[in-house]
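Colleague: model this:
(chains A and B)
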Amino acid sequence: MAAPVRVRFAPSPTGYLHVGGARTALFNYLFARRHGGVFILRIEDTDRERSTKEAVDAIFEGLRWLGLQWDEGPDAGGQLGPYFQSERLALYGAAAEKLLAEGKAYRCFCDPEALKQRREAALSRGEPPKYDRTCYRLPREEAAARAARGEPHALRFAIPEGATSWDDCVRGEVAFQNATLDDLVILRTDRHPTYNFAAVVDDAAMRISHVLRGDDHISNTPRQIQLYRALGLTQPLFGHVPMILGSDGTRLSKRHGATSVTEYRDQGFLPEAMVNFLALLGWAYDGERELFTLEELVQVFSLDRISKNPAIFNHEKLEWMNGEYFRALPLAKRTDLVIAHLRATGAVPEGSLRDRAFLERAVEAVGERMRRPQDFLVYAAFLFVEEVETDPAAWAELLAKPQAAGRLRKLADVLVPVEAFEHDPVEAAVRGLAAAEGVKAGEVIMPARIALTGKKVTPGIFDVMLLLGRERTVARLKRAAERLSAASPAPAA
RNA sequence: GGCGCUAUCGUCUAGGGGUUAGGACAGAUGGUUCUCAGCCAUCAGACCGGGGUUCGAAUCCCCGUAGCGCUACCA
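Modeller: Presented below is the predicted three-dimensional model:
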């Protein structure tokens, strides 16, 4: 019988939840759910300098937003906690002592600064910057005596000879010669464990069955495997998922734009779209189907369909996918999101947000043009201003049509007497005018569009008119006609 | 420099000893239409290079090249 699936996402709280981290979390979550396993969140805050409370909160926030509920971890409890490494220090200390007592680890009195210099020197000479084992050669009694005298020191793990290999869940056989590994520090001078050590102790203690993590950890794995062996612990299976790169093929960073999931949230992306998009970065179902809810992903996810090559974060595809999800939302929900966005940005006066029914009509009119709440004002800003600001290119187009001013006036005139200012009668009036003028409807509509909205691209003209109402529509048509006449004085007689 | 990983359209990928190498995003064209978006149809676009194995290689193997990652008392 196979061991129960227990996987973890173990971020270090030193920034925000990066999209790469989010995808790692997602894959772990999906794998756990797919196999009825447990998804654990563990905070790796052993680096006290860089870990912050804000970053911890940002991780929670990001994960919750994506809907990746953890079964064990901070706020969720669990039998094998605590789930902050900073609260598990005694465990690492004990494990390190054990290795020291067994001669598998040794005290290192080397000065970190000097080590750093030696390393850089080696690098500049083109030599591998490996620890030279100075302290490994120290007699144990001498080392113990110096330690007893209170001399500061770290603990290093003595990497055994030989080779280390494992069957990676996504890559297959991976092998390293131990000679290329150096004796890593497991306990720092301040008695805090380093990443590789704490991760091993915890993954074993938390009975992790599969370690699914980023590719960037692949060279840590042989060290960790050696640690499992030295500690006599059962090792988990490892799976290294490819990295997410920026558009230029290098590691995704701020330079490429937003990298934290909360930033994407703030830009109006939906968690469903983000999850779906991230899942497709380095994983595919059958190469055909692309749209999956989180629940559907749980049903079809499998490790053997994780790709081996790094994936470039394709922003356009994310936007497309967000559009797919956004358009599928019911009108009320889309309106909620638009209102929340308008409120958050303060782009329109608070008073304009009070008429829910009106906003709902506006959102409906903008309709499929929106992929994100942010797109709303691109099409509907004209609703929230007294006087429209006319786009220069649009104005030039009006200016180029000598009949425009006249038609705008006539349009205003035919709209005034329309009995019910509703879609069909208004449309009839507009088309009637075009017919009377002997031109296509577009010849009337386009100038009207510019007069009413200041732009060439807007929602349907009748929606625009109804949203503005008769009064404002007529006023704007007349006003534009006046401005037009003023700008292009009648041809000299 | 050392070690490791990877290599199919611009991007994400499916496939895989014999295929018209499939899909999606982006791009182009046409249709619908008051603009745009959307929708529909169509087009263009790829197996990194060289050897080997084989009747046959994009697929398997080797070498090269390129990209990326790691090379910390960061994680």
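Colleague: low pLDDT regions in chain A?
Modeller: Scanning chain A for pLDDT under 70 picks out A:1-2, A:488-493.
Colleague: in it, which residue sits nearest RNA strand B?
Modeller: Residue nearest to RNA strand B within chain A: A:Gly287 (2.2 Å; C-beta to the nearest atom of the strand). In short, each C-beta sits where N, CA and C put it, glycine included.
Colleague: what strand or helix carries that residue?
Modeller: Using DSSP states H and E, A:Gly287 sits within no helix or strand.
Colleague: tell me who's in contact with it.
Modeller: Residues counted as contacts of A:Gly287 (C-beta atoms under 8 Å, 6 or more residues apart in numbering): none.
Colleague: now swap in A:Leu181 and tell me
Modeller: So A:Leu181 contacts A:Ile159, A:Thr164, A:Pro222, A:Arg223, A:Gln226 (C-beta under 8 Å, 6+ apart).
Colleague: kindly recompute the last result at 7 Å.
Modeller: A:Ile159, A:Pro222, A:Arg223 (C-beta atoms under 7 Å, 6 or more residues apart in numbering).
Colleague: same thing with A:Gly282?
Modeller: Taking C-beta under 7 Å, 6+ apart as the criterion, A:Gly282 is in contact with A:Val241, A:Pro242, A:Ile306, A:Ser307, A:Ala311.
Colleague: quick one: the second one and A:Ile312 touch, right?
Modeller: No. Shown here, A:Pro242 and A:Ile312 do not form a contact pair, counting by C-beta atoms under 7 Å, at 10.7 Å.
Colleague: residues in contact with the residue nearest to the spatial centre of chain A?
Modeller: The centroid of chain A falls nearest to A:Val261 when counting by C-alpha atoms, centre = their mean (2.9 Å). By C-beta under 7 Å, 6+ apart, A:Val261 lies in contact with A:Leu17, A:Val19, A:Ala22, A:Gly62, A:Trp65, A:Leu66, A:Met274.
Colleague: ditto for A:Arg33
Modeller: Going by C-beta under 7 Å, 6+ apart, A:Arg33 touches A:Val298.
Colleague: confirm it sits in a helix?
Modeller: Yes. Counting by DSSP: H, G, I helix; E, B strand; the rest coil, A:Arg33 is found in a helix.
Colleague: circling back to that earlier point, neighbour-wise, which one of the contacts of A:Val261 leads?
Modeller: Highest neighbour count within the contacts of A:Val261, by other C-beta atoms under 10 Å: A:Ala22, with 28 neighbours.
Colleague: for A:Ala230, see how far away that one is.
Modeller: Look at A:Ala22 and A:Ala230: by C-beta to C-beta, to the nearest Å, they are 33 Å apart.
Colleague: can you give me the offset of stretch A:271-287 from its chain's centre?
Modeller: Distance of stretch A:271-287 from the chain centroid (C-alpha atoms, centre = their mean, to the nearest Å) equals 12 Å.
Colleague: CA atoms only for it, dumped as CSV, please.
Modeller: Only the C-alpha atoms of stretch A:271-287 are listed here, as CSV (Å, rounded to 0.1, in the frame of the first residue of the first chain):
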residue,chain,number,x,y,z
PRO,A,271,-8.5,34.1,-9.5
GLU,A,272,-10.2,31.5,-11.8
ALA,A,273,-8.3,32.9,-14.7
MET,A,274,-5.0,33.1,-12.8
VAL,A,275,-5.3,29.5,-11.7
ASN,A,276,-6.2,28.2,-15.1
PHE,A,277,-3.4,30.2,-16.7
LEU,A,278,-0.8,29.1,-14.2
ALA,A,279,-1.9,25.4,-14.5
LEU,A,280,-1.2,25.6,-18.2
LEU,A,281,2.3,26.9,-17.7
GLY,A,282,4.2,23.7,-17.7
TRP,A,283,1.3,21.3,-17.7
ALA,A,284,-1.2,20.3,-20.3
TYR,A,285,-4.2,18.0,-20.3
ASP,A,286,-4.3,16.8,-23.9
GLY,A,287,-3.0,19.8,-25.7
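Colleague: appreciated, that's everything.
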